[in-house]
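> Sequence plus the predicted model coming up.
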Amino acid sequence: MKQLCTILALPLLAACATTAPDTGEDPPMRAAPEGECDATRAQAHLGERATAELGQHLLGATGARSLRWIPPRSAVTMDYRMDRVNVEYDDSFTITRISCG
């Protein structure tokens, strides 16, 4: 009986799906909402020394609300936060990666 109900419900679920009409144009670019990280503007700081002042600058440059420093050989959580910039650095405090999440 469960299988029959599942089979009968599939067409109903498909009817709930909506798609935008294809106009042949690319969708408009959207600006990042306030607090959403965009690391592209911060990539120029790769290779610089990790400092508190640079951290504040990276927050402003990326639009992120929070900053996570990631030291070498550290375990970090895999939770993704759109409002966080991650800054990885090596043993000499040289920034090796800047990413969002």
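Structure's in. What do you need? Residues are numbered from 1 along each chain as shown.
> any idea which element R73 lies in?
Using DSSP states H and E, R73 sits within no helix or strand.
> Distance of it relative to A50?
Distance from R73 to A50, counting by C-beta to C-beta, to the nearest Å: 15 Å. Yep, even glycine has a C-beta here, placed from its N, CA and C like the rest.
> Comparing these two, which shows the higher neighbour count?
More neighbours surround A50 than the other of R73 and A50, with 20 against 7 (other C-beta atoms under 10 Å).
> I98 is in contact with the more buried one, correct?
No. Contact criterion C-beta atoms under 8 Å: A50 and I98 do not qualify, at 10.3 Å.
> any common contacting residues for those two?
Both A50 and I98 are contacted by V87, under the criterion C-beta atoms under 8 Å, 6 or more residues apart in numbering.
> Relative to S92, how far out is the closest residue to M82 other than its chain neighbours?
Excluding the flanking residues, the one nearest M82 by C-beta to C-beta, 6 or more residues apart in numbering is E36, at 4.9 Å. As judged by C-beta to C-beta, E36 and S92 stand 31 Å apart.
> For N86, give the beta-bridge partners.
Counting by DSSP bridges, N86 forms beta bridges with R68, S99.
> how many neighbours does it have?
N86 has 20 nearby residues by other C-beta under 10 Å.
> With T40 instead?
11.
> H57 now?
Counted with other C-beta under 10 Å, H57 comes out at 14.
> Start the count at 32 instead of 1 going forward.
With 32 as the first residue, the last one maps to H88.
> That one belongs to a helix?
Yes. Under DSSP: H, G, I helix; E, B strand; the rest coil, H88 sits within a helix.
> give the contact list for it.
H88 touches H76, counting by C-beta under 8 Å, 6+ apart.
> measure it to C68 for me?
14 Å.
> Could you do M113 as well?
Taking C-beta to C-beta, one finds M113 at 6 Å from C68.
> list the residues that contact both of these two?
By C-beta under 8 Å, 6+ apart, the residues touching both M113 and C68 are C131, G132.
> Comparing the two, which residue is more hemmed in?
C68 (25 against 14).
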